[in-house]
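S.K.: structure for the following, please:
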Amino acid sequence: MPPEEKGDTSTAVPAAATLVLCLAGGPLPEAALGEIRRAAETSGLPYRLVASEWRAAHREPPRGAGTPWHVLVTAKPMRGTDLAELSAFDDVVSLASDCWHDDLAFSLAWVGRVSQLAQRIQDEGIIGISEPVVELRKQMAHAILDRDASVLVVGETGTGKRVVAEALHHADDARAGHPFHCLDAGAVVPGLFGSELFGHVRGSFTGATESRPGAIRTAGEGTLLLDEVGELPTSLQASLLSVLQQRSYRAVGSDHEHLLKCRIVSATNRDLQQRVAACEFREDLKHRLSQIVLRVPPLRERREDLPMLANALIRRYRSVHPPQCAVEVLEYLQGLSLRGNVRELEAMLRYATVRASDAPTLRLTHLPRPRAMEAAPESNEDVEPLEQSLAVLRKTLVSRALQHAARDLPAADRTVQIAWAAERLQISARSVYNYLNGEARRS
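M.R.: Purely as a prediction, here's the structure:
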């Protein structure tokens, strides 16, 4: 392991999953440094020691790709503004305690486990280098370590809440070998909710010709995802609250008590606090469901992840020789609003991948035509007159189509290239000629 770096104030970012121990409060005895090194080695992570004064050690750790895990080890009492600034660190251990070495070993072992789980979660599909995604993976790792806590996954439509729930399940060694089951709480018929959730025995109601296990029993010791839980009618919320409180349930028509063994993960795109304020959701149920809250960021908050997401989605549909996204495609996607988030991006790229057939590169002409003609740049500029905006858009699209025609059909004559551009734009060749004649007159 590397030796400690006395007085190091470098802002270089170590490799991902490197443990940075900031030693504050003055020089430490060699015996203490030896204890710290041994504790760091138990974490299983590469580490570096930074011995420095509190202010230097306290600087805000860098964020983004390659961010290390920062742990402050200090003999200096924490008070006043120091306490308010501790959020810069992932963990804090005070040497003032009589059992500081035990605290440090436990903290570093915890950090090491969180780091390993975050990597597994990334391998399960929660990819990205943006700060919101890095933080999401870390929160998911903490959720896995808190094994029985209920988890609420919140986020806008299309952000991938179910993907997060599945990754949480598969990255958890204790649950990955058991079923992952999803119940759409917003689509269940009110009169059948108890049967869908708890199951029923034969003859318990009209039409119950045979016994049937419910969603909880089906999930076993795995994970039950209650999707769209914010849409659950208030008349059905009491039965869900009861099973969360008692950690047990009965099938409809049965006197036999079953223990709740699965983890309950809920997902919603609704603001449950607003629903509580409107008396549409029970506050006690909200608290039970949200012991841990995972927020999935929308695409507009993680633009830097878009190239990685795009390539991953393309490989999903063409695992053998997948096409590469052309630079202009990535630039175009970056400029779209994509209000449908990852779901909308996935639909576009699936269409484009099928249309590209065996082409090695995905180009603008492969994208869905309605989206290829969308002008959705996010801007705070003043709104221009509609006709002026349409004229600029028309000029841009025709020029781009003609450039692609010249590139893809270099041996064809001008008439063929114009016909190709017109077909892609879904306009007549005469309209393209009119555009060219108008440009010639203006020049």
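
S.K.: tell me if L21 really is in a strand.
M.R.: Yes - under DSSP: H, G, I helix; E, B strand; the rest coil, L21 falls within a strand.

S.K.: list the residues that contact the most centrally placed residue in the chain.
M.R.: When C-alpha atoms, centre = their mean is applied to the chain, the residue found nearest the centroid is V296 (4.7 Å). Contacts for V296 (C-beta atoms under 8 Å, 6 or more residues apart in numbering) come out as 136, 153-156, 159-161, 164. Any C-beta I mention is one placed from the backbone N, CA and C, and that applies to glycine too.

S.K.: save those residues as TSV, and put in pLDDT too.
M.R.: Shown next, in TSV, are these (pLDDT from 0 to 100):
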residue	pLDDT
L136	94
V153	97
V154	97
G155	95
E156	94
T159	94
G160	94
K161	96
V164	97
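
S.K.: name the nearest of those relative to V243.
M.R.: Nearest to V243 among the contacts of V296, counting by C-beta to C-beta, is V153 at 19.1 Å.

S.K.: helix or strand for the closest one, which one?
M.R.: strand 151-154 (DSSP states H and E).

S.K.: name the nearest of the contacts of V296 relative to P322.
M.R.: Nearest to P322 among those is G160, at 20.2 Å by C-beta to C-beta.

S.K.: correct me if wrong: that closest one contacts G340.
M.R.: No - G160 is not in contact with G340 according to C-beta atoms under 8 Å; the separation is 11.5 Å.

S.K.: and these two? Which one has more around it.
M.R.: Taking other C-beta atoms under 10 Å, G160 and G340 do not tie; G160 has more neighbours (21 against 17).

S.K.: so where does the nearest residue to F281 once chain neighbours are set aside fall, helix or strand?
M.R.: Nearest residue to F281, sequence neighbours excluded (C-beta to C-beta, 6 or more residues apart in numbering): R275, at 3.7 Å. Here R275 sits within helix 272-277, counting by DSSP H and E.

S.K.: which element follows that helix toward the C-terminus?
M.R.: helix 283-289.

S.K.: tell me the first helix or strand C-terminal of that following helix.
M.R.: Counting by DSSP H and E, the element after helix 283-289 in chain order, helix or strand, is strand 292-295.

S.K.: packing partners of that next one?
M.R.: helix 131-145, strand 151-154 (3 or more C-beta pairs under 8 Å, 6 or more residues apart in numbering; DSSP states H and E).

S.K.: packing partners for the strand holding V153?
M.R.: Counting contacts by 3+ C-beta pairs under 8 Å, 6+ apart, strand 151-154 packs against helix 161-170, strand 263-268, strand 292-295.

S.K.: buried residues, stretch 409-423. List them.
M.R.: Going by neighbour count (16 or more other C-beta atoms under 10 Å), the buried part of stretch 409-423 is 417-422.

S.K.: sec struct for L436, please.
M.R.: Per three-state DSSP, L436 ends up helix.

S.K.: quickly find the element holding the residue lying closest to it once chain neighbours are set aside.
M.R.: Among residues not flanking L436 along the chain, I418 sits closest, at 7.8 Å (C-beta to C-beta, 6+ apart). Assigned by DSSP H and E, I418 belongs to helix 414-425.

S.K.: great, nothing more from me.
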